[in-house]
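Q: Test case, fold it:
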Amino acid sequence: MITIQTSENKKIYFASDQHLGAPTPEASLPREKKFVSWLDTVKEDAEAIFLLGDLFDFWFEYKTVVPKGFVRVLGKLAEIRDSGIPIYFFVGNHDLWMRDYFDKELNIPVYHQPQEFEINGKLFLIGHGDGLGPGDKGYKRMKKVFTFPLFQWMFRWLHPDWGVKLGQYLSVKNKLISGDEDAQFLGNDNEWLVQYCHRKLTQKHYDFFIFGHRHLPLDISLNDKSKYINLGDWIKYYTYGEFMKTFKLKEF
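A: Purely as a prediction, here's the structure:
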């Protein structure tokens with residue numbers, strides 16, 4: 001578990017689900033510029049930055065090739081990390097094929113599962129949020145196929161021009177997780193991540209569960225001491241999280 005203690009007047013920032021590249025690189029460019037502007041703003045007082053997945057609408061790392069584009073956001077992340085500010089990246093369902101490019105090129109650790117962090121004495125469980133909790137069996141089966149090493153090895157043998165084009169097509173076809181369709185709050189009893197958080201609380205106390213994936217900004221009290229936060233997205237809501245002593249959902 002990583003422990004973070006903020007310095008005076010410093011904050012921890014969280015963002016998720018930018019889906020850069022969707023529905024087309026040209027259409028997502030204004031969103032990329034807006035997200036880079038947010039990074040420029042928060043770097044002034046950031047102790048650390050957490051990116052909770054689906055930064056890209058599609059991402060695949062060949063041995064020597066990564067998808068073209070996204071130079072503004074990658075350059076800004078490199079600048080922030082080089083300045084000494086830690087950045088933590090959690091893969092989402094759209095960039096789950098991320099390997100070691102961020103780690104080697106940007107010195108940004110990449111996590112494929114939710115992780116515990118202690119921040120200013122509060123215990124956080126942080127992740128993208130896909131495939132957690134009950135239900136969503138179709139996606140869970142699909143994820144097992146996509147993360148199976150043999151499938152990834154076979155996909156890697158496609159020429160990048162064909163592989164990236166196929167991946168982008170399949171990614172945009174799923175309108176809900178690409179953000180092209182309004183996500184609706186299902187109520188606490190039907191929200192899988194809420195149920196997941198309640199189950200985790202039977203095993204251990206957490207002050208905050210921080211997830212993305214749902215494309216809805218949510219701040220839900222699970223009991224008197226624990227909260228589930230969903231960060232929303234950068235397609236419709238442009239929301240992010242800020243923590244110093246308390247957690248706040250804000251809009252940029």
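Q: quick one, longest helix in the protein?
A: Secondary structure of the chain per DSSP state H: the longest helix is helix 25-42.
Q: Quick one: distance of that one to the chain centre.
A: 15 Å (CA atoms, centre = their mean, to the nearest Å).
Q: tell me which strands and helices it is in contact with?
A: If you count contacts as 3 or more CB pairs under 8 Å, 6 or more residues apart in numbering; DSSP states H and E, helix 25-42 packs onto strand 11-15, helix 71-82. (C-beta placed from N, C-alpha, C; glycine too.)
Q: Which one, of these, ends up nearest to residue 48?
A: Proximity to residue 48 (CB to CB) singles out strand 11-15 among the helices and strands packed on helix 25-42, at 5.3 Å.
Q: ok, and what's touching the closest one?
A: 4, 6, 35, 38, 42, 45-52, 119, 126, 210, 229, 231, 234, 240-244 (CB atoms under 8 Å, 6 or more residues apart in numbering).
Q: again, only this time at 7 Å
A: By CB atoms under 7 Å, 6 or more residues apart in numbering, the residues outside strand 11-15 that reach it are 4, 6, 42, 45-52, 119, 210, 231, 240-244.
Q: One more: stretch 108-115?
A: So stretch 108-115 is contacted by 77, 81, 87-91, 98, 102-103, 125-127 (CB under 7 Å, 6+ apart).
Q: in that stretch, what's buried?
A: Using 16 or more other CB atoms under 10 Å as the test for burial, stretch 108-115 gives 108, 110, 111, 114, 115.
Q: follow-up on the earlier one: so which of the helices and strands packed on helix 25-42 is the most packed in?
A: Mean neighbour count, computed with mean count of other CB atoms under 10 Å, is highest for strand 11-15 among these, reaching a mean of 23.
Q: Check which strands are paired with that strand and give the direction for each one.
A: strand 46-51 (parallel), strand 239-243 (antiparallel) (DSSP bridges).
Q: C-terminal to the shortest one, what's the next element?
A: The one in question is strand 239-243. Sequence-wise, the next helix or strand downstream of strand 239-243 (DSSP states H and E) is strand 247-251.
Q: and that following strand, what other elements does it pack with?
A: strand 227-231, strand 239-243 (3 or more CB pairs under 7 Å, 6 or more residues apart in numbering; DSSP states H and E).
Q: Of all the residues in that strand, which ones are buried?
A: In strand 247-251, counting by 16+ other CB under 10 Å, buried: 247, 249.
Q: Is it possible to mark the buried ones in the contacts of stretch 108-115?
A: Buried among the contacts of stretch 108-115 by 16+ other CB under 10 Å: 77, 81, 87, 88, 89, 90, 91, 98, 102, 125, 126, 127.
Q: Flag whichever of those residues scores worst on pLDDT.
A: Lowest pLDDT of the buried ones among the contacts of stretch 108-115: residue 98, 80.
Q: gap between residue 56 and residue 74?
A: 10 Å (CB to CB, to the nearest Å).
Q: I'd guessed residue 91 sits against residue 99; true?
A: No - Residue 91 is not in contact with residue 99 according to CB atoms under 7 Å; the separation is 9.6 Å.
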